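Novice: Below are the sequence and a predicted model for it; my questions follow.
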Amino acid sequence: IGRNSTSSPDLGRVQSIRAGFSDYRKELGDRLAPSPAAISASMSESAHIMRALYDVISDFGEEFSAEKRRRGIIDYADAENLTLDLLTHDGEPTALAERIASDYDEIYIDEYQDINPVQYRLIRQWSKWTKCLFVIGDPDQSIYGFRGSSARCFDRLMAEHPDLERIRLKANYRSTPEILNSAMAVIRSNPSSMPRTLEAMRKSGPKIELIRPQSELEQAIALAKRIAAMVGGLDMVEAHARSQDGENVGFSDIAVLYRTHRQAELIEKCLRQEDIPYRVSGREPHLEDPSVRGTLDFFRFLLNSQDAPAMESCLELIFHCPDPKAYAAFAGPLSKARRLKLLGERAETPQFQRFLRALEAFSPLVNKDSPLTLLSGFCEMMELQGVAALEKLMDGAPLYPDMGSMLENLTLGGEADAMRLGHNAPQGDAVQLMTLHAAKGLEFPVVLMPGVNQGVLPLEMGGAPADIEEERRLFFVGLTRAQNR
């Protein structure tokens, strides 16, 4: 429509549209470059929200600490802070610290890049009282920023101890030059206080393969097909040809490393379709399911009748007892009859009676039967068959000799220690599935890394931008787990 047209019957409509755009531009301009008054109002509102959030977090922290004191338990962060309190008072060493200093002349710390701020303060204190501090680690493998670790911890140590000696380990005996050079090409984009130098000591191997699927499903299918081909699972002719080329490997030689546990679901489905045995390592979401937590706590109480928190948990999550804390008197060293007498009428509720029947049924079995037998029987008694989270829990049960070992591993084990079998996998020969974090410190002849694309690796969550430097370090860790390809 011509700018100077005045005779068009649509002139009024055009002018109205222009006015609308003018108002929109003004509103957009106010948003992009708000007035001082608008900025002040926004800051005041944000401050109010932050104060409210701080109050909520503080209240939760106080209640959480009070509950831990009530139960007589501490977590790992408590252990660190309590240790620091025991060793120092107003910045000065305590008698305990002086006694420790007299017993130990040297401190050796492995995986130094993983320390958090409290651990750093502990190391500072200890190093003041000893003759030698020796730390070893790789800042390019600092992948626990969410726990407070920092790749710059070595620079900080150098700044505080300018006279320390730095020994650089430059030889790599794990990976082929193709793998190592690719990993170095990525990590060199991160800042560093000194040049990175790593030399592969192994002979040259195959180039890194890059597959560009169009969807997650296509990616999972390609991954499963590639594994089947590598182990010679297509036919005898192709298996022989690949064997001649030195390409055949066993299932247990292969690891699939992904950024998040969510990626594993589709991969598992495709592996099952190809009849490929696999094992999943890591603290998966099913371990947080109420049915799993309550079931495990039932057996914890069976093994330790004084574990009141475990009893309260299973009463709430499995037996649905009203006010589980009211039954705390039942956990203790007294005889069962005495404990029931202390409970009085509360012991007669249907939910608690069901709990007592379960105790009676499994008490003679808990130290005799296998974890899988115990879990299967408990799920049947509690009518919990078909609960997906419990089925995954039972997939891991054959990996443990007894229920005590299983509970200890799931409670105290690291990311790679919690395991389950998939698709009737044997305990030995199975493809390894785990997150990049769980794979740290491990090595495999063959590594496959799905999901190397924007939003997944590097990971973006909740609209927040990725921490590119940390994501590069994760990618570096993943690549350098591979020995041959």
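Specialist: Now that the structure is in, tell me what you want to look at.

Novice: what mean pLDDT would you report for the helix or strand hosting Glu408?
Specialist: Using DSSP states H and E, Glu408 sits within helix 403-412. For helix 403-412, the mean pLDDT works out to 93.

Novice: what's the single longest helix in this protein?
Specialist: Secondary structure of the chain read by DSSP state H shows that its longest helix is helix 36-71.

Novice: now that one, how far from the chain's geometric center?
Specialist: 27 Å (CA atoms, centre = their mean, to the nearest Å).

Novice: about what we covered before: tell me what whichever helix or strand comes after the helix holding Glu408 is packed against?
Specialist: Proceeding N to C from helix 403-412, the next assigned helix or strand is strand 419-422, under DSSP H and E. Here strand 419-422 touches helix 264-273, strand 278-281, helix 388-396, going by 3 or more CB pairs under 8 Å, 6 or more residues apart in numbering; DSSP states H and E. All C-beta atoms are positioned from the backbone trio N, CA, C, and that covers glycine.

Novice: quick one: buried residues of the first one?
Specialist: I take that to be helix 264-273. Neighbour counts over helix 264-273 (16 or more other CB atoms under 10 Å) mark Ala264, Leu266, Ile267, Glu268, Cys270, Leu271 as buried.

Novice: any chance of the helices and strands packed on strand 419-422 in CSV, with mean pLDDT and distance to Ile107 too?
Specialist: Below are those laid out as CSV (pLDDT from 0 to 100; distance: least, CB to CB, whole Å):
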stretch, mean pLDDT, distance to Ile107
helix 264-273, 95, 39
strand 278-281, 94, 31
helix 388-396, 94, 37
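
Novice: Tabulate these in CSV, adding columns for distance to Gly441.
Specialist: Putting the helices and strands packed on strand 419-422 into CSV (distance: least, CB to CB, whole Å) gives the following:
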stretch, distance to Gly441
helix 264-273, 20
strand 278-281, 12
helix 388-396, 21
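
Novice: circling back to that earlier point, ok, residues contacting the helix holding Glu408?
Specialist: With contact meaning CB atoms under 8 Å, 6 or more residues apart in numbering, helix 403-412 is reached by 287, 296, 299-300, 303, 366-367, 371, 374, 396-397, 400, 417-418.

Novice: Show me just the buried residues among those.
Specialist: Leu287, Leu296, Phe299, Arg300, Leu303, Val366, Pro371, Leu374, Gly396, Ala397, Tyr400, Ala418.

Novice: Check the contact between the third one and Gly377; I expect there is one.
Specialist: No. At 11.2 Å, Phe299 does not count as touching Gly377 under the criterion of CB atoms under 8 Å.

Novice: Closest one of the buried residues of helix 264-273 to Ala200?
Specialist: Nearest to Ala200 among the buried residues of helix 264-273, counting by CB to CB, is Ile267 at 29.3 Å.

Novice: where's that closest one relative to Pro333, distance?
Specialist: 48 Å (CB to CB, to the nearest Å).

Novice: And for Arg124?
Specialist: 43 Å.

Novice: ok, these two, which is more surrounded?
Specialist: Counting neighbours by other CB atoms under 10 Å for Arg124 and for Pro333 shows that Arg124 has the greater number, 13 against 8.

Novice: No further questions, thank you.
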